[in-house]
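Peer 1: Any chance you can model this:
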Amino acid sequence: MDAELNVTYITLDGHIQVKQYKYLYFFILFTVYVLILCCNLTIIFLIVFQRSLHEPMYIFIAALFLNSVMFSTLVYPKLLIDFLSEKQIISFPAFFFQNFLLYSSGGSEFLLLTAMSYDRYVSVCKPLQYPAIMRKRSIIILLVLGWIVPVFHFSVFYLVILNLNRKMCSFTLKGIFCNGTLFHLLCVHSNTLAILTITIMVNISLLPVLFIVFTYTRIVIILYRSCKEVRKKAAQTCLPHLLVLISFTCLGSFDVIIFSLESEISKTLHLIMTLQIIIYHPLFNPIIYGLKMKEISKHLKKLLHRIKMN
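Peer 2: Residues are numbered from 1 along each chain as shown. Here you go, the predicted structure:
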């Protein structure tokens, strides 16, 4: 292969017996992708068209589901094409673009969950000030920051990588999509890059998680002093958020483990951990909210009843 980046192709070497089971893989992942789209878009549809759901909490949930749809759409179409192709390859520009968007989407997930925790914090701890704080303008600012901040961070990060070195060290990625970092492909070693990596991890993941822990600690303290009815109502809205946060944090940890131990873990384990990243979170989020959020569950049952009647 030509070593020039604009004509370089990278082999995605994380597939196992893809030629033998390609139709089975295609059918399973295609079914999962359709389920992800249907589940997430159905709840987004409900939130958009049901006036009773036009509240900050539900708007943030819709944004979270939209982010899951974008993440899945970045992964599944290319993955499905690879299953039916003779070679599982991707050009370097396409790899770079998918990698950038995937990690930007992951960063947005943390920030959107942070915005949701802030909304719950204001609702429980400052109920009288809630209408004044969580105005339409505040919601728009939080949503824009949730998507723009990760894009800015990773734009700077990848520009620095490409400016430091453009020499390829490897043309093979031990994965089925572009969730590996460019460190494995480019000969890049720099203190500047290490500082940037730490800065992004702190700003995009550590600080948001610490803020979420702080807000929910305050919520728990307030609820402990409240009556049973208040505790029950708050638990119905806060518990799904915590479940989603724990799920996403665990799956994000899988991605870090895959990157750190890529040369030490088996190909099969690598594939299993990768599949968990792209299946569990986008598929189970709408299930969690659909079952645990009373208002969403109520409108979802009405929608299913109308479909059944027709």
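Peer 1: Count residues in the vicinity of Leu128, would you?
Peer 2: Other residues near Leu128 come to 6 when the count uses other C-beta atoms under 10 Å. C-betas here are computed from N, CA, C, even on glycine.
Peer 1: That one and Phe157, how far apart?
Peer 2: Between Leu128 and Phe157 the distance is 42 Å, computed by C-beta to C-beta, to the nearest Å.
Peer 1: next one: Ser123
Peer 2: Taken as C-beta to C-beta, the span from Ser123 to Phe157 is 35 Å.
Peer 1: Equivalent analysis for Ser266, please.
Peer 2: From Ser266 over to Phe157 (counting by C-beta to C-beta), the distance is 30 Å.
Peer 1: Have a look at those two and say which one is more surrounded.
Peer 2: Shown here are Ser266 and Phe157; by other C-beta under 10 Å, Phe157 has more neighbours (18 against 8).
Peer 1: Name the residues of the helix or strand that one falls within that are buried.
Peer 2: Element membership for Phe157 (DSSP states H and E) is helix 136-164. Across helix 136-164, burial judged by 16 or more other C-beta atoms under 10 Å covers 138-139, 142-143, 145-147, 149-151, 153-154, 157-158, 161.
Peer 1: show me what contacts the nearest residue to Gln129 once chain neighbours are set aside?
Peer 2: Closest residue to Gln129 apart from its sequence neighbours, by C-beta to C-beta, 6 or more residues apart in numbering: Val122 at 6.9 Å. Residues counted as contacts of Val122 (C-beta atoms under 8 Å, 6 or more residues apart in numbering) are Gln129, Tyr130, Ile133, Met134.
Peer 1: State the distance from the last one to Cys238.
Peer 2: When distances are taken as C-beta to C-beta, Met134 and Cys238 turn out to be 16 Å apart.
Peer 1: repeat for the third one
Peer 2: Taking C-beta to C-beta as the measure, Ile133 and Cys238 are separated by 18 Å.
Peer 1: Pick out whichever of those two has more residues nearby.
Peer 2: Per other C-beta under 10 Å, whichever of Ile133 and Cys238 has more neighbours is Cys238, with 22 against 14.
Peer 1: low pLDDT regions in the stretch 1-150 of the chain?
Peer 2: 1-7 (pLDDT under 70).
Peer 1: what about the strands in it?
Peer 2: Ranges of strands within the stretch 1-150 of the chain are 9-12, 89-91, based on DSSP state E, counting those that start in this stretch.
Peer 1: now the helices: where do they sit in the stretch 201-310 of the chain?
Peer 2: Per DSSP state H, counting those that start in this stretch, the stretch 201-310 of the chain carries helices over the ranges 207-224, 228-260, 267-292, 294-309.
Peer 1: Tell me the gap between stretch 93-101 and the middle of its chain.
Peer 2: Mean C-alpha position of stretch 93-101 versus that of the full chain (C-alpha atoms, centre = their mean, to the nearest Å) differs by 16 Å.
Peer 1: List the buried residues in it.
Peer 2: Those buried within stretch 93-101 under the rule 16+ other C-beta under 10 Å are Phe95, Phe96, Gln98, Asn99, Phe100, Leu101.
Peer 1: Filter those residues down to the ones in helices?
Peer 2: Phe95, Phe96, Gln98, Asn99, Phe100, Leu101 (DSSP state H).
Peer 1: The residue nearest to the last one when sequence neighbours are not counted - how many residues pack around it?
Peer 2: Counting by C-beta to C-beta, 6+ apart, Leu101 lies nearest to Leu74, which is 5.4 Å off, once chain neighbours are set aside. Burial of Leu74 is recorded as 21 neighbouring residues (other C-beta under 10 Å).
Peer 1: got it, and Leu102?
Peer 2: 21.
Peer 1: Could you check how far it is from Thr73?
Peer 2: 11 Å.
Peer 1: burial measure for Leu271, as a count.
Peer 2: 16.
Peer 1: surely it meets Val18?
Peer 2: No. With contact defined as C-beta atoms under 8 Å, Leu271 does not count as touching Val18 (10.4 Å).
Peer 1: tell me the centre residue of the chain?
Peer 2: Closest residue to the average C-alpha location of the chain: Gly106 at 4.2 Å, with C-alpha atoms, centre = their mean.
Peer 1: Leaving out the residues flanking it, which one is nearest to that one?
Peer 2: The nearest residue in space to Gly106 (C-beta to C-beta, 6+ apart) is Gly252, at 6.7 Å.
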